[in-house]
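Novice: structure here, sequence nowhere to be found:
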């Protein structure tokens, strides 16, 4: 069973600080990784995705991928109370033609004003 | 911005009844999905649909479940005989080229199914 693992939290971060969210995956062949944000009772909304080793920045968000360590992270700079949500990490499987996302359990983030 | 729309937003049904959840994916997308999320749990894959047929399904997607794309716009999930454990939020999603080609899934707002 190919798994995506996340610390469920809750993770509490003061407003204005950097929030760091982590994810590991078991399928060494996974190529692409997606970060979604989910507010309580709402649907997942895409933050960003990454498929190359290294960092990818988009505004206050930076995704980091280390395929050797099978590790993905999301950094949120200048955290705002509106960033309080559950953050879902998802991967695409490595088998040919696989076009589904497998989600982790999510990390609940709380930004403290 | 184009979006995935789902109806109804909330469906209450009695155990053993059939339900149909409806979705209108983004119009130029080719890949369609149903996921579900039981309260407090992870988002779980049910089924993917491409080129008018199921491309993959999970163990959850047993004979009680079926999907259909009856016309060029709608994508439906049918549960033939609902069980209490089918109570969950059901999300429809679509993608233009599939996440394997770095094309993300776009989710609808979900249908909350309550089986009593």
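Specialist: Structure's in. What do you need? What you see is a predicted model; the values in this text were computed from it and never measured. Numbering: from 1, shown residues only, chains lettered A, B, ... in the order given.
Novice: what is the mean pLDDT for stretch A:53-63?
Specialist: When pLDDT is averaged along stretch A:53-63, the result is 97.
Novice: any part of that stretch near chain B?
Specialist: No - residues of stretch A:53-63 contacting chain B under CB under 8 Å from any CB of the partner chain: none, with a closest distance of 11.5 Å. For glycine as for every other residue, the C-beta is placed from the backbone atoms N, C-alpha and C.
Novice: can you tell me which residues in chain B are near chain A?
Specialist: Taking CB under 8 Å from any CB as the measure of proximity, chain B contacts chain A at B:31, B:33, B:35, B:41-45, B:48, B:50, B:55-56, B:91, B:95, B:98-100, B:102, B:104-110.
Novice: spatially nearest residue to residue A:66 (excluding sequence neighbours)?
Specialist: If you skip the residues right next to it in sequence, residue A:66 has residue A:53 as its closest partner in space, 6.4 Å away by CB to CB, 6 or more residues apart in numbering or on different chains.
Novice: that neighbour: neighbouring residues, count only.
Specialist: The local packing of residue A:53 (other CB atoms under 10 Å in any protein chain shown) involves 10 other residues.
Novice: quick check: the gap between it and residue A:67.
Specialist: 5 Å (CB to CB, to the nearest Å).
Novice: which ChimeraX command selects the buried ones in the residues of chain B next to chain A?
Specialist: To isolate in ChimeraX the members of the residues of chain B next to chain A that are buried, counting by 16 or more other CB atoms under 10 Å in any protein chain shown, one can use:
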select /B:31,33,35,42,43,44,45,48,50,55,56,91,95,98,99,100,104,105,106,107,108,109,110
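Novice: out of the residues of chain B next to chain A, list just those in strands.
Specialist: Among the residues of chain B next to chain A, DSSP state E puts B:31, B:33, B:35, B:44-45, B:48, B:50, B:55-56, B:91, B:95, B:106-107 in strands.
Novice: chain A: which of those is nearest?
Specialist: Distance ranking of these against chain A, using CB to the nearest CB, places residue B:107 first at 4.2 Å.
Novice: surely the closest one meets residue B:92?
Specialist: Yes - the pair residue B:107 and residue B:92 passes the contact test of CB atoms under 8 Å, sitting 7.3 Å apart.
Novice: up against chain B, what does chain A have?
Specialist: With CB under 8 Å from any CB as the criterion, chain A comes near chain B at residues A:31-32, A:34, A:38, A:42-46, A:49, A:51, A:88, A:90, A:92, A:97-106.
Novice: run the last query once more with 6 Å
Specialist: By CB under 6 Å from any CB of the partner chain, the residues of chain A that approach chain B are A:32, A:34, A:43-44, A:46, A:49, A:51, A:92, A:98-101, A:103, A:105.
Novice: out of these, what pair is the most spread apart?
Specialist: A:43 and A:51 (23.3 Å; CB to CB).
Novice: neighbour count for the two, which is higher?
Specialist: For residue A:43 and residue A:51, the more surrounded residue by other CB under 10 Å is residue A:43, and the numbers stand at 21 against 17.
Novice: got the end-to-end distance for stretch B:65-78?
Specialist: Across stretch B:65-78, the straight-line distance between its terminal residues is 6 Å, by CA to CA, to the nearest Å.
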